[in-house]
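The sequence and its predicted three-dimensional model are supplied below.
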Amino acid sequence: MKNIPLYLWNTIIYALCTLSFALLAVIDNKWYALVAALFGISSAFNAYRYVKNQQKKEEK
């Protein structure tokens, strides 16, 4: 847990907030739910890709 950089924490928190916002928008039947979900998924994917790149660097 100590080795996780601030960038990754920010990305994870952003993804969680955006996805929870999307969930609230879906419950309320708002059109922006799709946009919020896409932002959340893309930021979660960026965090995942960052972790994979770090693992590759550590293996070398």
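Received the coordinates, thanks.

How far does stretch 51-59 sit from its chain's centre?
Computed by C-alpha atoms, centre = their mean, to the nearest Å, the chain-centroid distance of stretch 51-59 equals 18 Å.

Ignore what I typed, I meant stretch 39-57.
8 Å.

how about that stretch: buried residues?
Judged by neighbour count (16 or more other C-beta atoms under 10 Å), stretch 39-57 contains these buried residues: 39, 40, 43, 44, 46, 47. In short, each C-beta sits where N, CA and C put it, glycine included.

next one: the helix or strand that contains residue 8 to chain centre, how far?
According to DSSP states H and E, residue 8 maps onto helix 6-27. Put simply, helix 6-27 sits 6 Å off its chain's centre (C-alpha atoms, centre = their mean).

what comes up buried for that helix?
11, 12, 14, 15, 18, 19, 21, 22, 25.

Run through who's touching it.
Residues from elsewhere that reach helix 6-27, judged by C-beta atoms under 8 Å, 6 or more residues apart in numbering: 32-34, 36-37, 39-41, 43-44, 46-47, 50-51.

Now that helix: average pLDDT?
Averaged across helix 6-27, the pLDDT comes to 78.

Closest to the centroid, which residue in this structure?
By C-alpha atoms, centre = their mean, the chain has its centre lying nearest to residue 44, at 2.6 Å.

Could you pull up the contacting residues of that one?
Contacts of residue 44 (C-beta under 8 Å, 6+ apart): 11, 12, 15, 19.

and which of those is nearest to residue 60?
residue 11 (23.4 Å; C-beta to C-beta).

Nearest spatial neighbour of that closest one, chain-adjacent residues omitted?
residue 47 (4.3 Å; C-beta to C-beta, 6 or more residues apart in numbering).

Who are the contact partners of residue 39?
residue 18 are the contacts of residue 39 under C-beta under 8 Å, 6+ apart.

The buried residues of stretch 39-57 in helices, which ones?
Among the buried residues of stretch 39-57, DSSP state H puts 39, 40, 43, 44, 46, 47 in helices.

Among these, which one lies nearest to residue 59?
Looking across those and measuring by C-beta to C-beta, the closest to residue 59 is residue 47, at 19.2 Å.

tell me the contacts of that closest one?
8, 11, 12, 15.
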